[in-house]
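Trainee: Build me a structure from this.
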Amino acid sequence: MPDYDVSEPLDTDYFAAFAQLPEADRMVWARARSLSAEALPQMNDYWDRADYPLHLVKRMGELNLLTDGIEVPGLERMSPMAAGLVNMEVSRIDGSLGTVIAVQGGLALRSIACFGSDEQKERWMGPLARGEEYGAFALTEPDHGSDSVGLTTTARLDGGEWVLNGEKKWIGNGSIGGVTVVWARVDDGGVRGFLVEQDTPGYEAETITGKASLRAIFQARIKLNEVRIPASNVLPGSHTFKDTSKVLVATRLGVAWSALGHATAVYEAALNYANQRIQFGKPLAKFQLVQERLTQMLAELTGMQLMCVQAATLDAAGKLRPTQASMAKYNNTRKARQIASTARDMLGGNGILLENHVVRHLLDIESIHTYEGTESVQTLLIGRDITGQSAFA
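Mentor: Prediction:
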C-alpha cells in the first residue's frame, strides 16, 4: 500500500468554469470519471512494464469515450464541451489512455468520418468507436515530423490497386492489428489517405521500445514495401495536405484538454500530499512556501480551464479558428509542464515513485507537448495570424 493517498479527485474549479455545464455534458463527464476506479490501479504497472492494456481500450469503447465528438450512427454524439471533458478526465487518469482517444477517435475515426466513402464509414466507424477494432493514423515519417507536408511515402495506381511505399514513425496503434490511415503522396503531387489493414502483405510494423513517456500505448515504426490495396481503399474525400491538416486541427483542441487533465492530476496530487505529509511537526500545507506554490499552480490551472471552456464554446458555435486551437494547445501543454515540475518537487523523493502518479504524468506531458504540432510550430502559426507575416522557412 502507498504511504500517501494522493489520487483522490478534488474537482478543482476555483473560478466555477464548469458550473454552468448542461446536464448532458455532466453525464458524459461522469461516465469518463467512472473509468478511474477500474483503470487507475492498473496503469502504474502497465506503464512500468511498457505494456498496452488493450482491454481498457475496449472498455472505453463500451463507455462511448472514443468518438471525440464525432457523429457515429447508433452512438450518442458528444458536444465539443463533452468531448473535451472526456479528454481531460481520461488524461487525468493516464496519458497513454488519453492518447488512445487522440489516435483512435481524434485521428483515425475522424479521417474516415471526414473523407471516407459510405462503405468505408459503415465498415469502420462503429467498430472503431466501440473499441472492437483498432485504428492508427500514419502521417509522421522518420525524416518528416514538423515538416510533415514534405512527406515522401508514395502511392501509385496500378490497374485496380494502389501500391504504397515508404516509412512512418511514431504511429500509435500501428503495430497491434486493425486499420491504419496512411497518408501518401500520389503521382499528381497531391496527398491522399489510404486504409491499410495491418495484416496486408508488405506492411511491416515494429513497436518502438525504450520510451520514457506514454509507455502504456504501443507506437510503431512502419515500413511499407509494395503494399497493394484495392482502389476502393482510398479515402475519396482526401486530395491535398489541407485535408490532413483539417484532422490535425480538430484534434489539437483535444490535446489542450488532455494537458488540462494532466495538470489537474498533478496539482491535486500535490495538494493531497501537502495535507498528508508531516514535516517538522506539522503538515506541509501549513508552510508559507508550500501555500505559495499551490497558489501559483492553481492560478495556471484555472487559466487552462477557462481557455478550454471558451474554446469549446466557440467550437460548438462554429466559430473556433484553427489558430485559436493552436493557442490552446500551445498554452496548456506549456503550463502543464510547469505545474507537473512544481508538483514533482513538492513531493520530494516521493515524487519520483509511480505509486504517487506525479512522475508518470510529468513524463507523459512531454509527449503531448510535442505531438499534434510542436511548441515552435504552434508559435509560427499564431505569429503568422497576429502579424500577417509568415516566418516559416
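Trainee: Domains in this structure, by residue range?
Mentor: Domains of the chain are assigned by automatic domain parsing as 23-129, 135-239, 242-387.
Trainee: now for the ones you listed, which one comes closest to residue 3?
Mentor: Residue 3 lies closest, by CB to CB, to one member of the domains of the chain: domain 242-387, at 7.4 Å. Using the backbone N, CA and C atoms, a C-beta is placed for each residue, glycine as well.
Trainee: coming back round to it: the domains of the chain: which one's closest to residue 16?
Mentor: So among these, domain 242-387 is nearest, using CB to CB, at 9.7 Å.
Trainee: Packing partners of whatever helix or strand residue 91 lives in?
Mentor: Residue 91 is part of helix 80-93, with elements assigned from DSSP states H and E. Applying 3 or more CB pairs under 8 Å, 6 or more residues apart in numbering; DSSP states H and E, we find helix 80-93 packed against helix 23-49, helix 95-100, helix 241-276, helix 288-316.
Trainee: Just the mean pLDDT for the following helix or strand past the third one, thanks.
Mentor: Past helix 241-276, heading to the C-terminal end, the next element that is a helix or strand (DSSP H and E) is strand 278-279. For strand 278-279, the mean per-residue pLDDT is 94.
Trainee: what do you get for stretch 295-303?
Mentor: The predicted confidence, averaged over stretch 295-303, sits at 98.
Trainee: which other residues reach that stretch?
Mentor: For stretch 295-303, contacts defined as CB atoms under 8 Å, 6 or more residues apart in numbering pick out 12, 14-15, 17, 260, 263-264, 267, 270, 331, 335, 338-339, 342-343.
Trainee: and it, how far out from the chain's middle?
Mentor: 22 Å (CA atoms, centre = their mean, to the nearest Å).
Trainee: And for stretch 101-110?
Mentor: Distance, centroid of stretch 101-110 to centroid of chain: 9 Å (CA atoms, centre = their mean).
Trainee: end-to-end on that stretch?
Mentor: 11 Å (CA to CA, to the nearest Å).
Trainee: before we move on, what about stretch 62-78?
Mentor: 15 Å.
Trainee: and that stretch, which residues are buried?
Mentor: If you call a residue buried by 16 or more other CB atoms under 10 Å, then stretch 62-78 has these buried ones: 63, 64, 65, 66, 67, 68, 69, 70, 72, 75, 78.
Trainee: Can I get the domains of the chain in JSON lines including distance to residue 6?
Mentor: Below are the domains of the chain laid out as JSON lines (distance: least, CB to CB, whole Å):
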{"stretch": "domain 23-129", "distance to residue 6": "11"}
{"stretch": "domain 135-239", "distance to residue 6": "19"}
{"stretch": "domain 242-387", "distance to residue 6": "4"}
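Trainee: Nearest to residue 5, out of these?
Mentor: domain 242-387 (6.9 Å).
Trainee: picking up where we left off before, winner for burial among the helices and strands packed on helix 80-93?
Mentor: helix 95-100 (a mean of 28; mean count of other CB atoms under 10 Å).
Trainee: Distance from the chain centre to that helix, please.
Mentor: Its chain's C-alpha centre and that of helix 95-100 lie 6 Å apart, by CA atoms, centre = their mean.
Trainee: Using CSV, list the CA coordinates for that helix.
Mentor: The C-alpha coordinates for helix 95-100 follow below in CSV (Å, rounded to 0.1, in the frame of the first residue of the first chain):
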residue,chain,number,x,y,z
GLY,A,95,-1.7,9.9,-20.6
SER,A,96,-1.5,6.7,-22.6
LEU,A,97,-5.2,6.2,-22.3
GLY,A,98,-5.7,9.9,-23.2
THR,A,99,-3.6,9.3,-26.3
VAL,A,100,-5.8,6.3,-27.2
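Trainee: what comes into contact with that helix?
Mentor: Contacts of helix 95-100 (CB under 8 Å, 6+ apart): 35, 39, 43, 46-47, 52, 56-57, 60, 66, 87, 90-91, 172-173, 213-217, 258, 261-262, 360-361, 364-365, 367-368.
Trainee: immediately after that helix, which helix or strand?
Mentor: Using DSSP H and E, the helix or strand that follows helix 95-100 in sequence is helix 110-115.
Trainee: Need the pLDDT of the residue lying closest to residue 46 once chain neighbours are set aside.
Mentor: Residue nearest to residue 46 in three dimensions, not counting chain neighbours: residue 216, with 4.3 Å by CB to CB, 6 or more residues apart in numbering. You'll see residue 216 listed with a pLDDT of 98.
Trainee: And residue 245, by the same measure?
Mentor: With respect to pLDDT, residue 245 has a value of 90.
Trainee: same deal with residue 375?
Mentor: If you check residue 375, the pLDDT there is 88.
Trainee: residues in contact with it?
Mentor: Going by CB under 8 Å, 6+ apart, residue 375 touches 330, 333, 334, 369.
Trainee: returning to that earlier point: looking at the helices and strands packed on helix 80-93, which is nearest to residue 157?
Mentor: Comparing the helices and strands packed on helix 80-93 against residue 157 with CB to CB, the closest turns out to be helix 241-276 (18.2 Å).
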